[in-house]
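[1] no letters, just coordinates:
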């Protein structure tokens, strides 16, 4: 498995946090089994792979709501891009009304859409370029 990016945020819903009978588990050095939800195992696998490939890993717990500035930094977008891409009215004010706040799950959904769109665009550009390189069929 290749590390998908240097910055990956994992957030799982309540349904995805449920344990699965005879599902994934972590076994500690004493042989004790600790069941984990399948999606949590994906995050742990990501961390393990990154460490094996020599990356440094920082684990930060993020609240469900973040200041716009912090959310933009977490998903590597500009504040203006993030603000304009979220549905209007979904930026509640923070506890002291000095900051715009956003729902982390909305930010992550937006990030996935942006990444998918960029992948599609790169694929389309590559296909167009390869089409130009094909020899004429006379």
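    The structure has been received and is ready for your questions. Predicted model, so just to flag it, every value in this text is computed and none were measured. Numbering: from 1, shown residues only.
[2] which element is residue 130 on?
    Element membership for residue 130 (DSSP states H and E) is helix 104-133.
[3] how far off centre is that helix?
    15 Å (CA atoms, centre = their mean, to the nearest Å).
[4] tell me which other helices or strands it touches.
    For helix 104-133, the contact count by 3 or more CB pairs under 8 Å, 6 or more residues apart in numbering; DSSP states H and E identifies strand 65-67, helix 68-74, helix 79-85 as packing neighbours. Quick note: C-beta positions are derived from backbone N, CA and C, even for glycine.
[5] these: which one's closest to residue 32?
    Minimum separation from residue 32 across these (CB to CB) falls at helix 68-74, 33.8 Å.
[6] low-confidence ranges, the chain, go.
    Filtered on pLDDT under 70, the chain yields the residue ranges 1-9, 88-98, 132-138.
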